[in-house]
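Colleague: using only what follows, build the 3D model:
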Amino acid sequence: MKIATAAYPLDWLDSWAQYEDKISAWVAEAAGQGAGLLVFPEYGAMELSTLAGAAAAGDLACSIQAVSERMQEAASLHLRLAAEYRVHILGASAPVMDANARPVNRAELYTPDGLRDHQDKQIMTRFEREDWHIAPGGPLKLFDTTLGRVGILICYDCEFPLLGRALCDADLLLVPSCTEALAGYWRVRIGAMARALENQCVCVMSSIVGDNAWSEAVDRNTGAGGVFGPPDRGFPANGVLTEGQLNRPGWTFAEVDLAKIADVRRDGAVLNRAHWCEQDERSVAHPVVLQ
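Modeller: Residues are numbered from 1 along each chain as shown. Presented below is the predicted three-dimensional model:
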């Protein structure tokens, strides 16, 4: 399959039609290049807050409400485009109010057959928990799709090995991200590459790029699209299947063969995924005094 992962710039929107045209153009471009899976980034839906005006877009609490109120419309748009172009789409994540009236960071996965489900972020960054008051959402999910088994680790989540291990049966781990600084981009990228190594799978990282003075939440962004695998047989020696140019908007494409994932898991030069459990009996440090 061909995967398209986004380095996505946010825009100021004056109308819903402007957003619809933008997303439609992005999907059409990726599908036109033969992509069957499109991955948008974390908090890419924050541009919808501008439809409520500058005061709402610039206020942390109001921006959550403004975006949350638009997500059903966004879902309808993404479902229509997934069906029209016969692609799977991971939509840009958004702060949405859950059933308990708490804001969670949620990414929706859409299929060409009209199906959808979501993954909520598990562990909040300091900004999310201390300033924005985003709450942890529902459990991790493993999605069985016609593309294979798909897991989603939203940004910071991919920096935690046990979350990745919970999705060790996934062929593809999707990592939508939003990082302010270069160090943040590399934290997420290193996490994504580590999860690809441990699970012997493919990790797909997308990013927001560009500056947005109208928002306190997504005002500065550094990133690039990238697709990473285990540095083992059938994959590049550095594990990088493809990487976009830093802070350059657009799609980055990679060809992924699920048979190579199955092969390296069965008979790779190393077997990290199969040998994971051997850590359990060896994961206690014994103190030794050298003096």
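Colleague: check contacts around the nearest residue in space to residue 216 that is not next to it in sequence.
Modeller: Leaving aside its sequence neighbours, residue 216 sits nearest to residue 60 (Cβ to Cβ, 6 or more residues apart in numbering; 5.8 Å). All C-beta spots, glycine's among them, are computed from the backbone N, C-alpha and C. Counting by Cβ atoms under 8 Å, 6 or more residues apart in numbering, residue 60 touches 131-133, 216-217.
Colleague: filter these down to just the ones in strands.
Modeller: Assignment to strands by DSSP state E places none of the contacts of residue 60 there.
Colleague: widest-spaced pair of these?
Modeller: Greatest spatial distance in the contacts of residue 60: 133 and 216, 13.0 Å, computed using Cβ to Cβ.
Colleague: show the buried residues in the contacts of residue 60.
Modeller: By neighbour count, with 16 or more other Cβ atoms under 10 Å, those hold 132, 217 as buried.
Colleague: can I get the contacts of residue 60 in CSV including pLDDT and distance to residue 82?
Modeller: Output for the contacts of residue 60, formatted as CSV (pLDDT from 0 to 100; distance: Cβ to Cβ, whole Å):
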residue, pLDDT, distance to residue 82
131, 95, 34
132, 95, 29
133, 95, 32
216, 93, 32
217, 95, 27
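Colleague: which one of the contacts of residue 60 is nearest residue 177?
Modeller: With Cβ to Cβ as the yardstick, the closest approach to residue 177 among the contacts of residue 60 comes from residue 217, at 14.2 Å.
Colleague: and residue 18, what element?
Modeller: Assigned by DSSP states H and E, residue 18 belongs to helix 16-32.
Colleague: what does that helix rub up against?
Modeller: Outside helix 16-32, the residues that reach it (Cβ under 8 Å, 6+ apart) are 4, 6, 8, 11, 13, 38, 40, 47-48, 51, 73-74, 77-78, 81, 85-87, 89, 251, 253.
Colleague: can we see that at 7 Å?
Modeller: With contacts defined as Cβ atoms under 7 Å, 6 or more residues apart in numbering, helix 16-32 is touched by 4, 11, 13, 38, 48, 51, 77, 81, 85, 87, 89, 251.
Colleague: just those residues now: which is nearest residue 260?
Modeller: residue 4 (19.1 Å).
Colleague: test my guess that residue 70 contacts residue 47.
Modeller: No: counting by Cβ atoms under 7 Å, residue 70 does not reach residue 47; the two are 10.0 Å apart.
Colleague: that older thread, buried ones among the contacts of helix 16-32?
Modeller: 4, 13, 38, 48, 51, 77, 81, 85, 87, 89, 251.
Colleague: pipe the residues you listed into a markdown table and attach pLDDT and secondary structure per row.
Modeller: Converted to a markdown table, the buried ones among the contacts of helix 16-32 look like this (pLDDT from 0 to 100; DSSP: H, G, I helix; E, B strand; the rest coil):
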| residue | pLDDT | secondary structure |
| --- | --- | --- |
| 4 | 98 | strand |
| 13 | 98 | coil |
| 38 | 98 | strand |
| 48 | 98 | helix |
| 51 | 98 | helix |
| 77 | 98 | helix |
| 81 | 98 | helix |
| 85 | 98 | helix |
| 87 | 98 | coil |
| 89 | 98 | strand |
| 251 | 98 | strand |
